[in-house]
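**Student:** Task: produce atomic coordinates for the following.
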Amino acid sequence: MHVGMAAIFQNPEDHIQDGEVYANELRLANLAEPLGFDSIWGVEHHFTDYTMCPDVLQFLTYMAGRTERIQLGSMVVVLPWHDPIRVAEQVSMLDHVSNGRFILGMGRGAGRVEFEGFGIDMGESRERFVEAAELLLTGLENGRVEYDGKYYQQAPRDIRPRPRATFKGRCYAAAVSPESSEIMARLGLGILVIPQKPWEMVDQELATYRDVFQKVNGAPAPAPIIAGWVFCDEDEAVARKQAVRWIGGYWETARKHYEIGGAHFAKTKGYEFYAAMSAAQQASADAATEAYLDLQVWGTPQMCIERIEQTCQRMGSSAFTGVFSYAGMPYNQAERNLRLFADKVLPALRGDAAVAAR
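**Tutor:** Okay, here's the model as predicted:
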């Protein structure tokens, strides 16, 4: 199994200085390769303490210089907030400086504060995403961009440095709504599954995605990449208590950033699914937090192994990316979480019989 780790740079309620967050998150990210992870991932968000990584490609370029072998993944570049030709150039450059180690993840965004900050109508996000993705994917494949769309008009220009290799098979997108899953299939993209709704719903959407992908692309869909929030401790009771505190705490930061329960989703084109999800979660916030906990990875090392394996088997996946530092968790605790996972869970997921037996 391919196992990655993600750095998300949260600073809820400004509990410490932003510089301290960066120093500590980079210190943990620099442990990814020595501890044996296969990839390091970053996210993109703007303007709030939710996650303070406004340029995920810049972060991954830094990590490319700090590492030699691990892959580098974006989870995700939010295309409607960018000029797609600039993204194409940045992606090509990052792939060169990392010697072909980049995994491109993209998405359309759902934070009103971010769309308003960039002066972009959130109701245009789905159409903007499709146009930007078409421009970007074609350019990375051909080394040349040209597009005449509703939102993007691009005169023919070469991408320099020219893309070093095809991105087919290493392009993914986050999809929360059923409609987005079908769009990703038509674009030929893999799926990043970031758990936030019942697995039964994900099952149905993946089935539709795979069916559309096969019909449109004439080949089976790639296996999805699963992500999740992790808390690992040798004591099950301690793990449960800390998971409630920190994973539950993360969910509260997400609810705040995305304004889960806000009426604006119902008024915004393309966010009908979010409106329904907001209504359901607003009705019982405590139940929604508990349901979110049930989707994530926490417990003893053996419990974490079993939960990841069960989820990946269900999703038909062989790739998992964990988030180990979040919600203002003290960094000594985050490092223990990370190191215990790397020591006891990571080798077992790879099939190391000796470690699994121990």
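**Student:** What's the end-to-end length of stretch 252-265?
**Tutor:** Stretch 252-265 stretches 18 Å from its first residue to its last (Cα to Cα, to the nearest Å).
**Student:** mean confidence score for it?
**Tutor:** For stretch 252-265, the mean pLDDT works out to 92.
**Student:** Same check on stretch 100-115?
**Tutor:** 97.
**Student:** And stretch 152-171, by the same measure?
**Tutor:** Rounded mean pLDDT across stretch 152-171 is 97.
**Student:** same thing with stretch 48-58?
**Tutor:** Mean pLDDT, stretch 48-58: 98.
**Student:** Kindly report the same for stretch 19-31.
**Tutor:** 98.
**Student:** tell me the centre residue of this structure?
**Tutor:** residue 75 (3.2 Å; Cα atoms, centre = their mean).
**Student:** ok, that one to residue 308 distance?
**Tutor:** Applying Cβ to Cβ, to the nearest Å, the value for residue 75 to residue 308 is 17 Å. Every residue, glycine included, has its C-beta placed from N, CA and C.
**Student:** would you list every one of the helices in the chain?
**Tutor:** With DSSP state H, the ranges of helices along the chain come out as 18-29, 56-66, 84-97, 112-118, 125-142, 178-186, 199-217, 236-258, 272-283, 285-295, 301-315, 331-340, 346-349, 353-357.
**Student:** can you list those helices in CSV and add distance to residue 42 and mean neighbour count?
**Tutor:** Below are the helices of the chain laid out as CSV (distance: least, Cβ to Cβ, whole Å; neighbours: other Cβ atoms under 10 Å):
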stretch, distance to residue 42, mean neighbour count
helix 18-29, 8, 16
helix 56-66, 4, 19
helix 84-97, 11, 20
helix 112-118, 16, 16
helix 125-142, 18, 21
helix 178-186, 20, 20
helix 199-217, 23, 16
helix 236-258, 16, 18
helix 272-283, 24, 16
helix 285-295, 21, 15
helix 301-315, 21, 18
helix 331-340, 16, 17
helix 346-349, 20, 21
helix 353-357, 28, 11
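**Student:** how about the ones you listed, which one is nearest residue 164?
**Tutor:** Of all the helices of the chain, it is helix 84-97 that lies closest to residue 164, at 5.5 Å by Cβ to Cβ.
**Student:** Let me know the average pLDDT across that closest one.
**Tutor:** 98.
**Student:** Packing partners of that helix?
**Tutor:** helix 56-66, strand 102-107, helix 125-142, strand 144-148, strand 153-158 (3 or more Cβ pairs under 8 Å, 6 or more residues apart in numbering; DSSP states H and E).
**Student:** Parallel or antiparallel, list what pairs with the longest strand seen in the chain.
**Tutor:** Using DSSP state E, we find that the single longest strand of the chain is strand 225-232. The strands beside strand 225-232 in its sheet (DSSP bridges) come out as strand 190-193 (parallel), strand 297-299 (parallel), strand 319-323 (parallel).
**Student:** Could I get the ones you listed in JSON lines, plus columns for distance to residue 107?
**Tutor:** Listed next are those as JSON lines, based on distance: least, Cβ to Cβ, whole Å:
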{"stretch": "strand 190-193", "distance to residue 107": "8"}
{"stretch": "strand 297-299", "distance to residue 107": "22"}
{"stretch": "strand 319-323", "distance to residue 107": "15"}
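**Student:** would you turn those strands into TSV with distance to residue 134, mean pLDDT and mean neighbour count?
**Tutor:** Shown next, in TSV, are the strands paired with strand 225-232 (distance: least, Cβ to Cβ, whole Å; pLDDT from 0 to 100; neighbours: other Cβ atoms under 10 Å):
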stretch	distance to residue 134	mean pLDDT	mean neighbour count
strand 190-193	16	96	25
strand 297-299	35	98	23
strand 319-323	25	98	25
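**Student:** Out of the ones you listed, the one nearest residue 54 is which?
**Tutor:** strand 319-323 (18.1 Å).
**Student:** Centre of the chain to that closest one, how far?
**Tutor:** Put simply, strand 319-323 sits 9 Å off its chain's centre (Cα atoms, centre = their mean, to the nearest Å).
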